[in-house]
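**Student:** Need coordinates for the following:
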Amino acid sequence: MPRPAPPGLQHRVFQPSTHPHLGLALCAWAQTPARPGIAIAKTLGYRAVQLDATHPEIRPRSLDRSARRDLASVLRRNQLSCTGLDLWLPPEHLAGGPNLERATEAVVGAIEFVREFAGLVHTAAVVSLALPVEPDAHAMAAIDAASRQHEVAVANHAWPAKETGSLGLDPALAIMAGQSAPKSATQLGERLASARLSDAGVSGRLPVDASGGSLDVPTYAAALSISAPNIPVVADVRSLPEPAIAAAAALRSWTDATEPFRAQESLT
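**Tutor:** Below you'll find the predicted structure:
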């Protein structure tokens, strides 16, 4: 059963300047060539995508300027914007050890990529990742410096949420920890730089609106529209057996939750 709405959200009141178009995280198609993966998002009706920085064809360090322009042109031809960049490195790589330098360079490279890519196609200035509980201080200094220089937020999706820095919110992680995603959105508020659209039940991650899921999508959307109205929201169907079907269900659910407000806003 959906969890009760936090106080003040029972009527699902949306605020002006609500979120841009829902993006689709392409990390669920890591084994699919980049262009067909982008085409899946277009075919399903999405108007934005979240690029996967670990995909062999999209790794920032392997894309020269010509390749980046070509990737941007693919998005433009498909009439897609970009909600940011996912970089799901193992968090422990940023804690120390032999992978630290390479992981730090990957994050800095992702930040630089997002800034440059934003000049080619409409792109939210956000890199999403998960940091370890105790990241290496020198690595974080380099990442923070790049973030400030390029004005790109680094949204930490680790759960429980850190007490400092920009955050990302993955409802499935909150639910699996026994917490309310709408309440978490309200509490984290202005610190949120990005949010996912995902769900979970007693067995782990589930498609949005699936039987046994816990996420009340309209209440979650309302909480985000009040607490963080301009951040990108990304449908995340990682680890699900039929990601395209799950992505279609997520888009329908989000549209049903937000379209009445969008229609009202267009009349004002």
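**Student:** Output the below-cut-off pLDDT ranges for the stretch 151-268 of the chain.
**Tutor:** The stretch 151-268 of the chain contains residues with pLDDT under 70 at 260-268.
**Student:** May I have the residues that are in contact with the closest residue to Glu190 other than its chain neighbours?
**Tutor:** Ranked by C-beta to C-beta, 6 or more residues apart in numbering and with sequence neighbours excluded, the top spatial neighbour of Glu190 is Ala228, at 6.8 Å. Yep, even glycine has a C-beta here, placed from its N, CA and C like the rest. By C-beta atoms under 8 Å, 6 or more residues apart in numbering, Ala228 lies in contact with Ala185, Leu188, Gly189, Glu190, Leu192, Ala195.
**Student:** which of the residues you listed lies closest to Gly23?
**Tutor:** Using C-beta to C-beta, Ala195 comes nearest to Gly23 of the contacts of Ala228, at 10.4 Å.
**Student:** wait, isn't the closest one in contact with Gly168?
**Tutor:** Yes: here Ala195 reaches Gly168: they are 6.7 Å apart, a contact under C-beta atoms under 8 Å.
**Student:** show me where the stretch 151-268 of the chain has strands.
**Tutor:** With DSSP state E, counting those that start in this stretch as the criterion, the stretch 151-268 of the chain has strands at 153-156, 167-169, 192-197, 199-201, 204-206, 233-235.
**Student:** Can you convert these into TSV and add a column each for distance to Leu89 and mean neighbour count?
**Tutor:** Output for those, formatted as TSV (distance: least, C-beta to C-beta, whole Å; neighbours: other C-beta atoms under 10 Å):
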stretch	distance to Leu89	mean neighbour count
strand 153-156	12	24
strand 167-169	14	28
strand 192-197	16	27
strand 199-201	22	22
strand 204-206	20	18
strand 233-235	18	28
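**Student:** Would you mind measuring from the residue nearest to Glu190 to Gln187?
**Tutor:** Distance of Ala228 to Gln187, given as C-beta to C-beta, to the nearest Å: 11 Å.
**Student:** and what of Arg65?
**Tutor:** For Arg65 relative to Gln187 (C-beta to C-beta), the value is 41 Å.
**Student:** So those two - more neighbours on which side?
**Tutor:** Counting neighbours by other C-beta atoms under 10 Å for Arg65 and for Gln187 shows that Gln187 has the greater number, 16 against 9.
**Student:** and the gap between that one and Ala41?
**Tutor:** The gap separating Gln187 from Ala41 is 31 Å, by C-beta to C-beta.
**Student:** Could you do Ala141 as well?
**Tutor:** Where Ala41 is concerned, Ala141 sits at a distance of 36 Å (C-beta to C-beta).
**Student:** Comparing those two, which shows the higher neighbour count?
**Tutor:** Ala41 (25 against 11).
**Student:** could you list every residue that touches that one?
**Tutor:** Leu24, Leu26, Ala48, Val49, Asn78, Leu80, Ala247.
**Student:** Just list whatever residues bridge to the fourth one.
**Tutor:** Translated: Val49. According to DSSP bridges, the partner residues bridging Val49 are Leu24, Cys82.
**Student:** Could I get the strands of the stretch 151-268 of the chain in a markdown table, plus columns for distance to Ala223?
**Tutor:** Below are the strands of the stretch 151-268 of the chain laid out as a markdown table (distance: least, C-beta to C-beta, whole Å):
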| stretch | distance to Ala223 |
| --- | --- |
| strand 153-156 | 17 |
| strand 167-169 | 10 |
| strand 192-197 | 10 |
| strand 199-201 | 15 |
| strand 204-206 | 20 |
| strand 233-235 | 11 |
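**Student:** What residues sit buried inside stretch 183-193?
**Tutor:** Buried residues in stretch 183-193, counted by 16 or more other C-beta atoms under 10 Å: Lys183, Ser184, Ala185, Thr186, Gln187, Leu188, Arg191, Leu192, Ala193.
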